[in-house]
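Trainee: Sequence and predicted structure are below.
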Amino acid sequence: MTARVARALRAPRAPGAAGARPAHAPATFASLAAVERAVIGCERCPRLRRYCERIARERKRAFATQAYWGKPVPGFGDPRARLLVIGLAPAAHGGNRTGRVFTGDSSGSWLYEALHRFGFSNQPDSTGRGDRLALTGCYVTAAARCAPPANRPTPRELSRCRPYLEAEIRLLRDVRVIVTLGHIAHRAWLGASGLWERMGPRERPRFAHGAEFALPGGSVLLCSYHPSRQNTNTGRLTRPMWHDVFRRARERVDGLER
């Protein structure tokens, strides 16, 4: 995470301040389906839209015969989810190609394998919108909905996406366990959930892999490194470390339901 993004996510947003929610942002959404439609049609970030559309035109050689999605990517999963998983953004040749978050790349393979292992998914991989994947008790989303160049959305771009995450958090009323994948997703969730403003600096959950926090209201927050190749290929994130996070997520969900 760049220092510029970190500073922007740490700083409180005054009304009308640079990077605050744009005036044209929708205040509320009636349903997850309405959020999905708004995300897919979103044009708020010209830089990201140009990048995603260019990638969709040029395509990667391995996917040269495939039609890329090329649009913003909505969240995916069970409307009655008890577990909410939040990542950074779609990958240029993953979600931007397939149209589903965490789908079609190595990060998605790591995520859905773990969700399947611990009973949240009906299959261990996600290849595209027509692959019959179904999540039970889990919803997957991201801090940014367009693939950003170099995987680095700007603070303003993250701010423009924030109303979608806010709406999902509000509409997913049954969520009791949250898993944030990486610093940016962690801070995006803190902001969108309102905890950043409601909690003092010493009370706010600090990101660290494997960290776990009991939240006001009885829900639980778990943190993990993002399963990017940068983390998994270097050994910073191993399968046992990754599985431990989702094993605990399963245990916390089951424990809170008793």
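Mentor: Everything's here; your move. Since the structure is predicted, the reported quantities are computational estimates derived from the model, not experimental observations.

Trainee: use CA for all of it now, contacts and neighbours both
Mentor: Will do.

Trainee: So for stretch 139-148, first residue to last residue, what's the gap.
Mentor: Taking Cα to Cα, to the nearest Å, the first and last residues of stretch 139-148 lie 22 Å apart.

Trainee: contacting residues around that stretch?
Mentor: Outside stretch 139-148, the residues that touch it by Cα atoms under 8 Å, 6 or more residues apart in numbering are 39, 48-49, 51-52, 71-79, 81, 83-92, 95-96, 101, 153, 157-158, 161-162, 165, 184-185, 188-189.

Trainee: Next step: those restricted to helices.
Mentor: 39, 48-49, 51-52, 95-96, 157-158, 161-162, 165, 184-185, 188-189 (DSSP state H).

Trainee: Now the helix or strand Q230 falls within: buried residues?
Mentor: Assigning secondary structure by DSSP states H and E places Q230 in helix 229-232. Under the neighbour-count criterion of 16 or more other Cα atoms under 10 Å, helix 229-232 has T232 buried.

Trainee: Now do it: which elements does it pack against?
Mentor: The contact analysis (3 or more Cα pairs under 8 Å, 6 or more residues apart in numbering; DSSP states H and E) places helix 229-232 against no helix or strand.

Trainee: what mean pLDDT does whichever helix or strand comes after that helix have?
Mentor: For helix 229-232, the following helix or strand on the C-terminal side (DSSP H and E) is helix 239-257. Mean pLDDT, computed over helix 239-257, is 95.

Trainee: Quick check: which helices or strands does whichever strand or helix holds A33 pack against?
Mentor: According to DSSP H and E, A33 maps onto helix 32-40. Applying 3+ Cα pairs under 8 Å, 6+ apart, one finds that helix 32-40 contacts helix 155-171.
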